[in-house]
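A.B. asks: no sequence on this one, just coordinates:
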Ligand code: AQP
């Protein structure tokens, strides 16, 4: 198969969604626990920046979270936490569509249609699934089929760009493969080398998305040195109490290098967190002293704590204000779901027609 070229962001036919004038951006976070530094640097920070660049859809992936959260009260609480996190970090409902996944039933419907042509072998080689199983998670169908629902999330909105952390890269690649497979199966004269049908073929029903991953924050390490992850219990939460944040940062795993000795840089969670939190110049000075020795890990942890508060206190204050008006937050989500359904239902109608369900 020939290489798939990047799709154009704009074209002449603005009536057809596939030829619209603006780039579409879509992503989500799971309310599978409280949002943490990894979610912020890997994803949410990009969301806030990208909403300036195109038509943005940011959702709370609560259907995905059913595979990990089986306490309904907790799921509601974490869903609200994700909504407050989005808004506190500046997602602007006037510019972005912010919604709960479960409020748009088209996600689940497309999941099944898409799943009917997804090769099982793809799911069997999914890194995230294999990683969770290797860490002792008892796998269920929901976890196994997670990439199919994620592909449905993306393809339903004909997203061009999907800002994610590195752990989601393979899932976006699956979405690309399956979009092409679907188009080849159901669209006559679809040519993956000309996905918009600009030359002589016909445009695909699904747009082929591209993952947007920031290399310097692709994988944020947790307090134990593994990838920071809600399910590993190694997170630094963005909105925990000051006391809990301090406890998490002071508890970052370090080795027994003596105060006066140079500290090892390889695999250090503490140093890598300092790198993402500090500005370039401050980090250079920190790293020099780290390599030189003479300061204990406690000193660097205290520096990280200060950086945490300097970076996140404005958003933490905003979130407190939002907590005082939860009715408005709910309204944002409902309005977002209405707008999301307008787009999603059109795409699903086209899909149903193509496969013979309508
Ligand atoms: N440690 C991380 N470094 C960089 N990016 C990360 N992301 C998550 N952890 C890191 C990115 O955050 C977005 C939302 O993630 P998610 O909540 O949908 O699922 P996840 O990647 O599985 O996050 P967790 O915390 O690890 O959740 P659990 O433990 O429930 O699986 C994604 O773009 C993700 O890449």
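C.D. replies: Structure received. Quick caveat, the model's predicted, so the values are computed rather than measured.

A.B. asks: check contacts around the residue in the stretch 151-300 of the chain that the ligand sits nearest to.
C.D. replies: Residue of the stretch 151-300 of the chain nearest the ligand, by Cβ to the nearest ligand atom: residue 165 (2.2 Å). In this view, the C-beta of every residue, glycine as well, is placed from N, C-alpha and C. Residue 165 makes contacts with 38, 39, 42, 43, 213, 217, 218, 219, 220, as judged by Cβ atoms under 8 Å, 6 or more residues apart in numbering.

A.B. asks: Tell me which stretches of the stretch 151-300 of the chain form strands.
C.D. replies: 161-163, 210-212 (DSSP state E, counting those that start in this stretch).

A.B. asks: Would you mind giving those strands as a markdown table with mean pLDDT and distance to the ligand added?
C.D. replies: Shown next, in a markdown table, are the strands of the stretch 151-300 of the chain (pLDDT from 0 to 100; distance: least, Cβ to the nearest ligand atom, whole Å):
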| stretch | mean pLDDT | distance to the ligand |
| --- | --- | --- |
| strand 161-163 | 97 | 7 |
| strand 210-212 | 96 | 9 |
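
A.B. asks: how about the ones you listed, which one is nearest residue 348?
C.D. replies: strand 161-163 (19.0 Å; Cβ to Cβ).

A.B. asks: among the contacts of residue 165, which ones are buried?
C.D. replies: Taking 16 or more other Cβ atoms under 10 Å as the criterion, what is buried in the contacts of residue 165 is 38, 39, 42, 43, 213, 217, 219, 220.

A.B. asks: of these, list those near the ligand.
C.D. replies: 38, 39, 42, 43, 219, 220 (Cβ under 6 Å from any ligand atom).

A.B. asks: Could you verify that the fourth one is part of a strand?
C.D. replies: When you say that, I think you mean residue 43. No. Counting by DSSP: H, G, I helix; E, B strand; the rest coil, residue 43 is not found in a strand; it is helix.

A.B. asks: what separates it from residue 354, distance-wise?
C.D. replies: Separation of residue 43 from residue 354 (Cβ to Cβ, to the nearest Å): 31 Å.
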